[in-house]
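Trainee: Give me a model of this one.
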Amino acid sequence: MCERCEAAAELSKLAESHSSPTRASPKPPASASASASASASASAAEGGRGKHAARRRHTTGGNRTLHIAITTVCGLVISFQVLRAFVIDGALSEEEIQQEEARRFAIESCMQVFWEIAMQLQRQEEPDIGLQCDGAAGPMLVSFSEEDMRISHPNPDALGFSDIYVLRSNPTPVIVE
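Mentor: Sure, this is the predicted structure:
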């Protein structure tokens with residue numbers, strides 16, 4: 001018998017010896033125990049694995065296929081995530097980096113122009129309407145409404161915004177996305 005079977009037999013004998021006589025379980029017929037020991041000795045002759053090895057072989061075949069399938073699916077999901085992270089959403093190309101840097105530089109230089117106009121308005125001076133942002137389609141747009149003056153960018157969409165302006169009543173440049 002295998003070690004597992006021997007331990008189970010010992011445990012069974014121990015339980016029988018400590019159980020009450022009223023609850024004693026019926027003993028298997030001698031022919032059943034003889035056939036069980038014969039099959040155990042036959043399987044021991046096959047390689048010492050016992051009857052549990054045959055059951056293990058039978059159940060692990062299906063489990064192994066399931067494990068391989070789950071591992072394969074997980075590997076594919078991880079591969080897809082890595083691919084998406086590094087290739088699809090990966091780093092910008094050199095050209096895209098240069099375009100983004102040029103766009104940021106244009107926004108910064110335009111904001112400097114608007115801050116200069118804001119400083120003139122804070123000092124209660126007439127703003128220099130000749131100031132322009134680089135790449136602007138024309139001069140700054142000036143509009144008046146009830147004692148307030150608004151100076152706007154002529155084409156803020158070129159910088160990616162819907163409006164860029166400064167007011168006399170609030171001499172702080174405003175960017176509207």
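
Trainee: only C-alpha atoms for contact and neighbour calcs from this point on.
Mentor: Noted.

Trainee: What part of this protein, helix or strand, is modelled with the least confidence?
Mentor: For the chain, counting by mean pLDDT, DSSP states H and E, helix 30-45 ranks last in confidence among helices and strands (a mean of 49).

Trainee: Please parse this protein into its domains.
Mentor: 33-90, 94-176 (automatic domain parsing).

Trainee: Is it possible to get JSON lines of those that adds distance to E6?
Mentor: Shown next, in JSON lines, are the domains of the chain (distance: least, CA to CA, whole Å):
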{"stretch": "domain 33-90", "distance to E6": "11"}
{"stretch": "domain 94-176", "distance to E6": "72"}
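
Trainee: looking at the ones you listed, which has the lowest confidence?
Mentor: Ranked by mean pLDDT, these end with domain 33-90 at the bottom, a mean of 67.

Trainee: who wins for proximity to S17 among the domains of the chain?
Mentor: With CA to CA as the measure, domain 33-90 is the member of the domains of the chain nearest S17 (18.4 Å).

Trainee: Could I get the buried residue list for stretch 153-168?
Mentor: Neighbour-count burial for stretch 153-168 flags H153, P154, N155, P156, L159, D163, I164, Y165, V166, L167, R168 (criterion: 16 or more other CA atoms under 10 Å).

Trainee: For the fourth one, list the residues it contacts.
Mentor: Listed by CA atoms under 8 Å, 6 or more residues apart in numbering, the contact partners of P156 are S162, D163, I164.

Trainee: now V166
Mentor: Contacts of V166 (CA under 8 Å, 6+ apart): F114, I117, A118, R150, I151, S152, T172, P173, V174.

Trainee: Filter those residues down to the buried ones and hand me the PyMOL line.
Mentor: Applied in PyMOL, the following selects the buried portion of the contacts of V166 according to 16+ other CA under 10 Å:
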select buried, resi 114+117+118+150+151+152+172+173
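
Trainee: Closest one of the contacts of V166 to V142?
Mentor: I151 (4.6 Å).

Trainee: Mind checking what secondary structure that closest one has?
Mentor: strand (DSSP: H, G, I helix; E, B strand; the rest coil).
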